[in-house]
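Peer 1: Following is a predicted model, sequence given first.
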Amino acid sequence: MAKSAKRPAPVNGFKVAAFPVFNRTAHLTFEGTPWEGAEVVVRLGISINVYLEIKRLVDTNDPIELTQVFGSSMLVAWNLIDEEGKAIPATGEGVKSLPDMSLALRIVNLWLEAVAGV
C-alpha cells in the first residue's frame, strides 16, 4: 500500500500550504556620480499604497514630505557620514539632513527604478 502524501493545513479556508513573503532589499550604488562610494540598502517589498504615495510625492516635487515618508518606511541602512565623520542616521530625519538635496532625490529615484524592476 502506497504511503499518502501529507496534506497541507488549510489557509484562509483553502487547502494550500502557507507561503511566507519576506521583505526583499536592494543595494544601491552610485558609480559615475559625485557620490561614488556611497551605498544605500532599501526595502523593495512595499504595499502599492506606499509606492503610489511616494511616486505622487516625487511627481509633485514635495521633497520634505517625500524624504520623511521614504526615510521612515524604505531605508534600511547606508554608509553616509557628515563632514565631522559622524554617521548620518538612515531615517527620514537623516535624509532631510543630507547637505545635498540632489543626493536624497537620487536615492529615491534609484529606489523607484529598483522597485519597478528597471
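Peer 2: Now that the structure is in, tell me what you want to look at. Residues are numbered from 1 along each chain as shown.
Peer 1: nearest spatial neighbour of residue 115, skipping sequence neighbours?
Peer 2: residue 44 (5.6 Å; Cβ to Cβ, 6 or more residues apart in numbering). Backbone N, C-alpha and C define where each C-beta goes, glycine included.
Peer 1: quick one: contacts for that neighbour?
Peer 2: Contact analysis of residue 44 by Cβ atoms under 8 Å, 6 or more residues apart in numbering lists 23, 24, 25, 26, 114, 115.
Peer 1: Verify the stated contact: the second one with residue 45.
Peer 2: Yes - using Cβ atoms under 8 Å, residue 24 makes contact with residue 45 at a distance of 5.1 Å.
Peer 1: mind listing what's buried in the lengthiest helix in the chain?
Peer 2: Ranked by residue count under DSSP state H, the longest helix found in the chain is helix 101-116. By neighbour count on 16 or more other Cβ atoms under 10 Å, the buried set for helix 101-116 is 103, 104, 105, 106, 107, 108, 110, 111, 114, 115.
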